[in-house]
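Engineer: this one's sequence-less:
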């Protein structure tokens, strides 16, 4: 079996053929065909990714980098090939800049701690936005408490867009790092990260971009963006859970101290002193998720075979169609109406609670997310307890939208 997925070549876009490649979509829930509209939380997996995981444990299971025997060398080659696929996927300059993590959350925590320990002190400012996921709030709060730095927040407009005038005013000589989400998981807003990066770099401030919600929908070219750090998760891009990626410019990764200590991240160890390994292994202590790195590489190749242009056309059609159909429902309120949006719709129905709507939709076989979506400060801004969120992926179709709309209409009639 070709674990690199290079045999998955670019093909004409066929939404229904793609849908059939995701085995779980053949399931029924509560006696109804599954409509899965929670890809912003975790995407489903194509058969190619599932088979890559199985193949590793059946044919390649050995620890990497340390064995002289053939099985270990084969596992190492497959693991490191996954790193090269990731490098190509985001157009990094070198595999030295590609660190495997447990996901976006660990990547942000790594940068917050490693950068913060060396470069932050009392009076410094960390600039984030009001639409951040808790994973891009709490790690910075923790490092601010450790160092005496201050968290500064870019406001969000009623439409769900960053207040860019406020951003430029908040960016100042006390700012030591900007950490910003590329695409909001709650609002779907696509932020102008290139403008943010350019403005920050003009005063020598590095930028971390949370790309967890961007990479399923659009190409993240880290060199074109000129991002200093870029993080995302495998499970959002049709890959396994528990694996993710942190891109960091080589100069930053060389300068910062490591995050975890242990095997693999060392060159020499004595009781007096430890010297650290070269990049990227300096930040990868312990046995990695080998099956995850391989299967995430397969997922990246799977996306490239479909092509981001085709994915964006399909998802934009679903977003436009769903927005138009839902807008006909009396009492609906959309949360997040930015001009530039990914395929995420958050909404409320007057006189109902989002949990109740979500529970009734589940009875109809429709899986949506309800709650604050790990963006409690944003919910507080809108004065709401949470929303119903429907998020679309390449395997969804208009029939899924029709069933969602019919389900929401039914829930509204029952609950109001």
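Structural biologist: Happy to help now that I have it. Note that this is a predicted model, so its numbers are computed, not measured.
Engineer: make it CA atoms for all contacts and neighbour counts henceforth
Structural biologist: Will do.
Engineer: quick one, domains of the chain?
Structural biologist: 15-40+308-415, 53-304 (automatic domain parsing).
Engineer: so residue 387 bridges to which residues?
Structural biologist: Residues in a beta bridge with residue 387, per DSSP bridges, are residue 371.
Engineer: Pretty sure it sits against residue 368.
Structural biologist: No: with the criterion set as C-alpha atoms under 8 Å, residue 387 and residue 368 do not qualify as a contacting pair; they are 10.2 Å apart.
Engineer: More neighbours: these two, which one.
Structural biologist: Neighbours per residue (other C-alpha atoms under 10 Å) separate residue 387 from residue 368, with residue 387 holding more: 26 against 22.
Engineer: Tell me the gap between stretch 377-387 and the middle of its chain.
Structural biologist: The gap between where stretch 377-387 is centred and where its chain is centred comes out at 22 Å by C-alpha atoms, centre = their mean, to the nearest Å.
Engineer: Then stretch 77-88?
Structural biologist: Centroid displacement of stretch 77-88 relative to its chain, using C-alpha atoms, centre = their mean, is 19 Å.
Engineer: what's it in contact with?
Structural biologist: 3-4, 64, 93-95, 98, 100, 290-291, 293-298, 300-301 (C-alpha atoms under 8 Å, 6 or more residues apart in numbering).
Engineer: List the buried residues for that stretch?
Structural biologist: Under the neighbour-count criterion of 16 or more other C-alpha atoms under 10 Å, stretch 77-88 has 78-88 buried.
Engineer: can you check stretch 389-407 too?
Structural biologist: Of the residues in stretch 389-407, those with enough neighbours to count as buried (16+ other C-alpha under 10 Å) are 389-397, 400-401, 403-407.
Engineer: First-to-last residue distance for that stretch?
Structural biologist: End-to-end span of stretch 389-407 (C-alpha to C-alpha, to the nearest Å): 14 Å.
Engineer: ok, now stretch 211-223?
Structural biologist: End-to-end span of stretch 211-223 (C-alpha to C-alpha): 14 Å.
Engineer: same question for that stretch, mean pLDDT?
Structural biologist: Computed over stretch 211-223, the mean pLDDT rounds to 98.
Engineer: next one: stretch 362-382
Structural biologist: Throughout stretch 362-382, pLDDT has a mean value of 97.
Engineer: same question, stretch 65-85
Structural biologist: Here the average pLDDT along stretch 65-85 is 96.
Engineer: Out of the domains of the chain, which is the most enclosed?
Structural biologist: Mean neighbours per residue, mean count of other C-alpha atoms under 10 Å, is largest over the domains of the chain for domain 53-304, with a mean of 20.
Engineer: Now list whatever residues contact both of residue 387 and residue 368.
Structural biologist: Looking at what touches both residue 387 and residue 368 (by C-alpha under 8 Å, 6+ apart), there is no common residue.
Engineer: does residue 71 really touch residue 56, like I thought?
Structural biologist: No: taking contact to mean C-alpha under 8 Å, the distance of 11.0 Å between residue 71 and residue 56 leaves them out of contact.
Engineer: Give the intersection of the neighbour lists for the two.
Structural biologist: In terms of C-alpha under 8 Å, 6+ apart, residue 71 and residue 56 are not both contacted by any residue.
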